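Enquirer: pasting a predicted model and its sequence here:
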Amino acid sequence: MRVAFFGSPAFALPVLDAVLEHHEIVLVAAQPSKPAGRGLKLTPPPIAARAVALGLPLVQPAKLRNNLEFEGLLRDSGAAVAITCAYGKILPAGLLTVPRYGFLNVHTSLLPKYRGAAPIQWALIEGETQTGVTIMQTDVGLDTGAILLQDTLSIAPSETALELAPRLSRMGAKLLVEALQQIETLPRIPQDDALHSIARLLEKDDGRVIWTQVTTRIYNRYRGVAGWPGSFCLHNNKILKIHAMQPAHMGATQPTQSSGEPGVILEVSGAVRVATLDGAIELLEVQPEGKPRMTALDWARGYAVKQGSKLE
């Protein structure tokens, strides 16, 4: 089948590769290249770079709405179906009807739960133990289209977004290939809008650790924001990034003080433990403002962090 592929980040690469194994990709659409790195060199998104390497027709439109030139390219490509996977742009209604079978989206949640831009992250933040992938028929709503296929995946108790995303990407690739094989016969199952929830795009402040929350909620947020924006708090009015943490009971080998005023450091010998509303978090790896990453114990020693110090 002739397929148009819409995607941008590295997450979508396994899906692109899987489609290419079974079908002819006649057009790739990706986000425009952006400045990146210290030299702010114009850098293409991973899907665009892969398309160039494979010699696939590539376009990177700045906008899709009222873009008649792009609509013409899609129509002239002869694509029978278009695939979106983490593309990052809203598709105008007029575009959805160009391919014979419309657009199929690889969405990393069990729709109608976690519609929106960050389903992987919010599933972890909310403490879900199970997630999955939905292949849906794209319509004009926010992930409201009919469901073609779904598959579930168990989430490990300590799994972060950085670890869960590749597993969901591989699952999405497999499920999409199955959907394309059965595209003419698969039933389109409407979503139950009454059961929907929204997974909004994360903001920088979503990584702020709120020590007055219970331990599990702090830990789940850390798991969800891993990668970006990452977890952070303030120490002496300077940002302290937290690259690795765990509930204190997970790392304890002997009885330790496990309660106190939220944000207060309970222990700095053998481990760095910080009080939460109902227990403690053990810091494993941190990064003081303007400094490299280091173990939490090295940070405590180097910055004279003592029992009773306060994180905010």
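Expert: The structure has been received and is ready for your questions. These numbers were taken from a predicted model, which means no experiment stands behind them.

Enquirer: for the rest of this, base every contact and every neighbour count on C-alpha atoms.
Expert: Noted.

Enquirer: chain center to the helix or strand hosting Phe6, what's the gap?
Expert: Assigned by DSSP states H and E, Phe6 falls within strand 2-7. Centroid separation for strand 2-7 versus its chain: 21 Å, with CA atoms, centre = their mean, to the nearest Å.

Enquirer: next, the buried residues of that strand.
Expert: Of all the residues in strand 2-7, those buried under the rule 16 or more other CA atoms under 10 Å are 3-7.

Enquirer: and those, which is closest to Leu180?
Expert: Val3 (9.8 Å; CA to CA).

Enquirer: isn't the closest one up against Glu21?
Expert: No - the criterion here is CA atoms under 8 Å, and Val3 misses it with Glu21 at 11.8 Å.

Enquirer: low-confidence stretches in the stretch 151-300 of the chain?
Expert: 250-259 (pLDDT under 70).

Enquirer: any idea how far Leu142 is from Thr97?
Expert: 17 Å (CA to CA, to the nearest Å).

Enquirer: do Tyr114 as well
Expert: 10 Å.

Enquirer: now the longest helix along the chain: how far from the chain's centre is it?
Expert: Secondary structure of the chain per DSSP state H: the longest helix is helix 161-181. What separates the centre of helix 161-181 from the centre of its chain is 13 Å, taken as CA atoms, centre = their mean.

Enquirer: repeat for stretch 281-288
Expert: On CA atoms, centre = their mean, the centre of stretch 281-288 falls 22 Å from the chain's centre.

Enquirer: and for stretch 175-183?
Expert: 23 Å.

Enquirer: what does it contact?
Expert: The contact list for stretch 175-183 (CA atoms under 8 Å, 6 or more residues apart in numbering) reads 15, 18-19, 22, 101, 106, 133, 135, 148-151, 186.

Enquirer: now rank the residues you listed by neighbours and give me the top one.
Expert: Ile135 (28 neighbours; other CA atoms under 10 Å).

Enquirer: tell me which residues of the strand or helix carrying it are tucked away?
Expert: Under the criterion of DSSP H and E, Ile135 resides in strand 130-137. By neighbour count with 16+ other CA under 10 Å, strand 130-137 contains the buried residues 131-137.

Enquirer: and which of the residues you listed is nearest Asp278?
Expert: Using CA to CA, these come closest to Asp278 at Thr131, 27.2 Å.

Enquirer: quick check: bridge partners of that closest one?
Expert: Leu153 (DSSP bridges).

Enquirer: residues in contact with it?
Expert: Counted by CA under 8 Å, 6+ apart, Thr131 has contacts 108-110, 123, 152-155.

Enquirer: and what about Ala48, helix, strand or coil?
Expert: Here Ala48 is recorded as helix under DSSP: H, G, I helix; E, B strand; the rest coil.

Enquirer: ok, now how distant is the nearest residue to it once chain neighbours are set aside from Cys85?
Expert: Closest residue to Ala48 apart from its sequence neighbours, by CA to CA, 6 or more residues apart in numbering: Ala30 at 5.8 Å. Going from Ala30 to Cys85 by CA to CA gives 10 Å.

Enquirer: can you list the domains in the protein?
Expert: What automatic domain parsing lists as the domains of the chain is 1-101, 106-201, 204-302.

Enquirer: what is the end-to-end distance of the longest one?
Expert: Put plainly, it is domain 1-101. OK, domain 1-101 end separation, CA to CA: 11 Å.

Enquirer: higher neighbour count, Ala30 and Cys85?
Expert: Ala30 (27 against 23).

Enquirer: so that one touches Gln60, yeah?
Expert: Yes - in this structure Ala30 lies within contact range of Gln60 using CA under 8 Å: 5.0 Å.

Enquirer: residues shared between the contacts of these two?
Expert: Ala48.

Enquirer: what about the strand holding Ile135, distance to the chain center?
Expert: Using CA atoms, centre = their mean, the offset of strand 130-137 from its chain centre is 14 Å.

Enquirer: now do stretch 144-154
Expert: Centre-to-centre, stretch 144-154 and its host chain are 17 Å apart (CA atoms, centre = their mean).

Enquirer: one more: stretch 95-103?
Expert: 26 Å.
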